[in-house]
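Q: I'd like to go over a predicted model; first the sequence, then the structure.
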Protein chains: 2
Amino acid sequence: MNNKRVTSFDVAELAGVSRSTVSFVFSEDKQSRIRPETRQKVREAAEKLGYYPNASARALASNQSNTVGLIMTRSPRYIASDNFLPQIIGGLLDIVKQEQLGLLIEWVEPGQQIQTYLQLTRAKHIDGMIILTPRFDDPGLTALEQIDIPCVLMGQIPECNLPYVDIDNRASAKLAVDYLIELGHRQIACITNAATAYSSASQRLEGYRDALKAADIAIDESLIRMADFDAASGYTQMKDLLREYPRFSAIFVASDNVALGALAAIHDAGLSVPEDISLVGFDDIPEAAFYHPKLTTVHTPAKEIAEESCHLLMQLLKGEIPYSRTINIPTQLIIRDSARMIERSHITTN
Amino acid sequence: MNNKRVTSFDVAELAGVSRSTVSFVFSEDKQSRIRPETRQKVREAAEKLGYYPNASARALASNQSNTVGLIMTRSPRYIASDNFLPQIIGGLLDIVKQEQLGLLIEWVEPGQQIQTYLQLTRAKHIDGMIILTPRFDDPGLTALEQIDIPCVLMGQIPECNLPYVDIDNRASAKLAVDYLIELGHRQIACITNAATAYSSASQRLEGYRDALKAADIAIDESLIRMADFDAASGYTQMKDLLREYPRFSAIFVASDNVALGALAAIHDAGLSVPEDISLVGFDDIPEAAFYHPKLTTVHTPAKEIAEESCHLLMQLLKGEIPYSRTINIPTQLIIRDSARMIERSHITTN
DNA sequence: ACTGTCGTTTAACACGTGTTAATAAACTCT
DNA sequence: AGAGTTTATTAACACGTGTTAAACGACAGT
């Protein structure tokens, strides 16, 4: 077996030029420096020998790993049932490939944040990172603000000055609940997408409150439940909530994943959506259009979020000053079949 | 800002030892060489300076990137709606973290396989790779057989000698269809999970054929459709298939994702599952237990597959000879509510 | 005190590339 | 043809670590 490693020296030798010339040919930026015929010669030699520039050596010499990190703030157990993730990864992979970058996925344990962020960046394993669904209680974020590491949050943390790409969770949630109110509902429950330590969860909950307040509806805290990303938690919370039924005729579930579980619980209780309970979800994951009933939900353009995050990060690590360090992607209420006008018989008075 | 990079030299200086000693302390293997007090001194100095060994330099010197690659054979568009992926990624992240490895995700375009595989391994960006759902028509696989790169397939390719971890797709599919036959069904349709270029798809289809043959049921090719991973394709194929209704009373859908779309199509046609049509899925994704009706399906232990793949790969790249280069993970039919005994009225004769 | 042994530490080279500053070559203009 | 100018190429150093083989020091035994 020909295990001898092919280096730029070998290519240089075969092409009859110096190693530096080879290096110039393979760093696409300043190709102008090399005469076309020489470049051609080098390319052919490289092809013939099966030369691929060593990534580590390159990273070491240029101080750029050409890799970005996707940091997940949840444990693998929750990652496993996150149907929003494939959209994000798909979007990132698309851009990252165009830009010839690598994508490193990492999961950070609570309590290890600072350690992990520093490790990744100082060790230059990655040039920059995208933090998915950041948490309020993440002390690593303030550490990242201090040192100057290219970093983009997918999701917003209020007092945090790091660049972010996000939707307006609060306004979008209000949109969803406004719609339910428009349909005549006044007893509206809520199941969040996650614990309120996650910014998106608390913001969506705020949006729910905003809508009720704007319509002069008193907020009944007993109609609010916190879920945990997945359908199973939605099932549990909904089951619990159904003990209060019929004190509500509609529900806002701040995640389609969670909503799937909620739907199952409602059905198991012998009720139906939207006949007995109207439901509006959030995220518009690809499956939402095929649930039973088809979910009325807030469309979150995952691909666009992924793309914008990636673009923003790349501007930062090229040293360009971006047009804006905070990007808000517009959402949209998608009306399908899971919410309808309230039935007369459901109207009760407090 | 203190942007000066901290190197092992700085640590050595502060600890009053040589750079080599620092290096030995940080390569955990042969700690026995260093006296405990010295090690302690070095550790403290490193802590104080905030030293993190440079990953690239390390990779270059040791010829190990300590990173494994997860290679996806689909385009981002299909990756985005793959609900099986989070489970795989979750499982991998878990192990990879324990082993202090990085996880690099890459997507390979058809036609670029050889190029990409060589690039990744020769450039030493990664030490080894896991190829997710390999395809029959992937010329890169034979290339990988030639050169000696640590590599594990998640899924099996018949004439390919690369190590793999997989379920027995064919037998598992037969299990599902056997169950439908047991319930009295004889007109059984099939929608695959993907194009037959994907080994899992063609194997599951074979299992379907096996079951029918074993029960002396003639195979009606017009009852077979190919889907494309996602619910949307399942919807389309099912809609098409329903023109043949009632020439079938049951259907085997070789992916829960696709089955969700199929369920929606059935419902849109004014029919119900399992009253009019019995359905058995495949994969048992976490959501399957919450679909309407709850899906009877073949449980595929994704986490276990991910873990075994990772373990196998790590044995390979440590140079250990694994107990076996091919691992088959057992599956199990999970009986829920989407299939039932055939109604008398549905029995027709060919 | 001298030799030999063992356990620690270090000097020196290797890893494969990027990049600057200097050199060589080609080309222009009077 | 020679001076000046641009363009193409190269030599030499830098990047930060792993690792081998040699140097060192302590310690025991005669």
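A: Happy to help now that I have it.
Q: chain B contacts on the stretch 251-350 of chain A?
A: Applying CB under 8 Å from any CB of the partner chain, one finds that the stretch 251-350 of chain A approaches chain B through A:257, A:260-261, A:263-264, A:267, A:286-287, A:289-292, A:294, A:302-303. Yep, even glycine has a C-beta here, placed from its N, CA and C like the rest.
Q: of those, which belong to helices?
A: Among these, DSSP state H puts A:257, A:260, A:261, A:263, A:264, A:267, A:302, A:303 in helices.
Q: which pair of those spans the longest distance?
A: A:267 and A:303 (31.2 Å; CB to CB).
Q: residue contacts, residue A:164?
A: Residues in contact with residue A:164 (CB atoms under 8 Å, 6 or more residues apart in numbering or on different chains) are A:152, A:153, A:154, A:155, A:156, A:157, A:325, A:326, A:327.
Q: show me which of those is closest to DNA strand D.
A: Among the contacts of residue A:164, residue A:152 lies closest to DNA strand D (CB to the nearest atom of the strand), at 24.9 Å.
Q: so which elements touch the helix or strand containing that closest one?
A: Element membership of residue A:152, judged by DSSP states H and E, is strand A:151-154. Counting contacts by 3 or more CB pairs under 8 Å, 6 or more residues apart in numbering or on different chains; DSSP states H and E, strand A:151-154 packs against strand A:128-132, strand A:164-167, helix A:302-318.
Q: relative to the whole chain's centre, how far out is the longest one?
A: Spelled out, that is helix A:302-318. With CA atoms, centre = their mean, to the nearest Å as the basis, helix A:302-318 stands 11 Å off its chain's centre.
Q: the nearest residue to residue A:72 once chain neighbours are set aside and residue A:194: what is the separation?
A: Nearest in space to residue A:72, with sequence neighbours left out and distances taken as CB to CB, 6 or more residues apart in numbering or on different chains, is residue A:107 at 4.8 Å. Here residue A:107 is placed at a distance of 16 Å from residue A:194 (CB to CB, to the nearest Å).
Q: do the same with residue A:268
A: Taken as CB to CB, the span from residue A:268 to residue A:194 is 23 Å.
Q: in terms of neighbours, single out the busier of those two.
A: residue A:194 (24 against 14; other CB atoms under 10 Å in any protein chain shown).
Q: now do the SS call for the nearest residue in space to that one that is not next to it in sequence.
A: Closest residue in space to residue A:194, ignoring its immediate chain neighbours: residue A:201 at 4.3 Å, by CB to CB, 6+ apart. The three-state assignment at residue A:201 reads helix, by DSSP: H, G, I helix; E, B strand; the rest coil.
Q: my read: residue A:201 touches residue A:191, true?
A: No. Look at residue A:201 against residue A:191 with CB atoms under 8 Å: they stay out of range, at 10.3 Å.
Q: more crowded one of those two?
A: residue A:191 (27 against 24).
Q: for that one, name its beta-bridge partners.
A: residue A:225, residue A:253 (DSSP bridges).
Q: can you tell me how far it sits from residue A:242?
A: 11 Å.
Q: and if you look at residue A:339?
A: 18 Å.
Q: do the same with residue A:226
A: Distance from residue A:226 to residue A:242, by CB to CB: 16 Å.
Q: residue ranges with poor pLDDT in the stretch 201-350 of chain A?
A: A:344-350 (pLDDT under 70).
Q: could you find the closest non-adjacent residue to the residue in it that DNA strand D sits nearest to?
A: Closest to DNA strand D within the stretch 201-350 of chain A is residue A:317: 17.4 Å, counting by CB to the nearest atom of the strand. Once flanking residues are discounted, residue A:317 sits nearest to residue A:150: 4.2 Å by CB to CB, 6+ apart.
Q: surely the one you found touches residue A:313?
A: Yes. Look at residue A:150 against residue A:313 with CB under 8 Å: they come within range, at 6.0 Å.
Q: joint contacts of these two?
A: By CB under 8 Å, 6+ apart, residue A:150 and residue A:313 have these common neighbours: A:128, A:129.
Q: which of the two has more neighbours?
A: The neighbour comparison of residue A:150 against residue A:313 (other CB under 10 Å) goes to residue A:313, with 26 against 21.
Q: how close does the more buried one get to residue B:61?
A: The gap separating residue A:313 from residue B:61 is 29 Å, by CB to CB.
Q: dump stretch A:270-281 to PDB, keeping only the CA atoms.
A: Provided in PDB are the C-alpha atoms of stretch A:270-281 (Å, rounded to 0.1, in the frame of the first residue of the first chain):
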ATOM      1  CA  GLY A 270     -62.500  11.700  24.100                       C
ATOM      2  CA  LEU A 271     -62.500  15.300  22.900                       C
ATOM      3  CA  SER A 272     -61.700  16.600  19.500                       C
ATOM      4  CA  VAL A 273     -59.900  19.500  17.900                       C
ATOM      5  CA  PRO A 274     -61.200  21.900  16.800                       C
ATOM      6  CA  GLU A 275     -64.800  20.900  17.700                       C
ATOM      7  CA  ASP A 276     -64.200  21.000  21.500                       C
ATOM      8  CA  ILE A 277     -60.900  22.800  21.800                       C
ATOM      9  CA  SER A 278     -59.200  25.100  19.400                       C
ATOM     10  CA  LEU A 279     -55.500  24.900  19.200                       C
ATOM     11  CA  VAL A 280     -52.800  27.000  17.700                       C
ATOM     12  CA  GLY A 281     -49.200  25.900  17.600                       C
END
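Q: give me the buried positions along that stretch.
A: A:273, A:274, A:277, A:278, A:279, A:280, A:281 (16 or more other CB atoms under 10 Å in any protein chain shown).
Q: which among the residues you listed gets closest to residue A:28?
A: residue A:281 (45.3 Å).
Q: which helix or which strand is home to the closest one?
A: Assigned by DSSP H and E, residue A:281 belongs to strand A:278-283.
Q: residue A:195 too?
A: Using DSSP H and E, no helix or strand contains residue A:195.
Q: and residue A:114, by the same measure?
A: Taking DSSP H and E as the criterion, residue A:114 maps to helix A:113-122.
Q: which elements pack onto that helix?
A: Counting contacts by 3+ CB pairs under 8 Å, 6+ apart, helix A:113-122 is packed against strand A:67-72, strand A:128-132, helix A:139-146.
Q: mind checking which of these is nearest DNA strand C?
A: strand A:67-72 (14.8 Å).
Q: and that closest one, what does it pack onto?
A: Partner elements for strand A:67-72 (3+ CB pairs under 8 Å, 6+ apart): helix A:85-98, strand A:102-107, helix A:113-122, strand A:128-132, helix A:302-318.
Q: just want the angle from the third one to strand B:102-107.
A: Note on geometry: by axes from the mean of the first three to the mean of the last three CA atoms, to 10 degrees, helix A:113-122 and strand B:102-107 are set 60 degrees apart in direction.
Q: and the longest one, by the same measure?
A: Using the same axes, to 10 degrees, the direction of helix A:302-318 lies 120 degrees away from that of strand B:102-107.
Q: same deal with the fourth one?
A: Orientation check (the same axes, to 10 degrees): strand A:128-132 against strand B:102-107 gives 90 degrees.
Q: sheet partners, orientation included, of strand A:128-132?
A: Going by DSSP bridges, the partners of strand A:128-132 are strand A:67-72 (parallel), strand A:151-154 (parallel).
Q: what does the second one give?
A: Strand pairing for strand A:102-107, using DSSP bridges, gives strand A:67-72 (parallel), strand B:102-107 (antiparallel).
Q: got the contact list for the first one?
A: Under the criterion CB under 8 Å, 6+ apart, residues A:79, A:88-89, A:92, A:96, A:101-108, A:116-117, A:120, A:125-133, A:310, A:313, A:317, B:93, B:104 lie in contact with strand A:67-72.
Q: go again using 7 Å as the cut-off
A: A:79, A:92, A:96, A:101-108, A:120, A:126-132, A:313 (CB atoms under 7 Å, 6 or more residues apart in numbering or on different chains).
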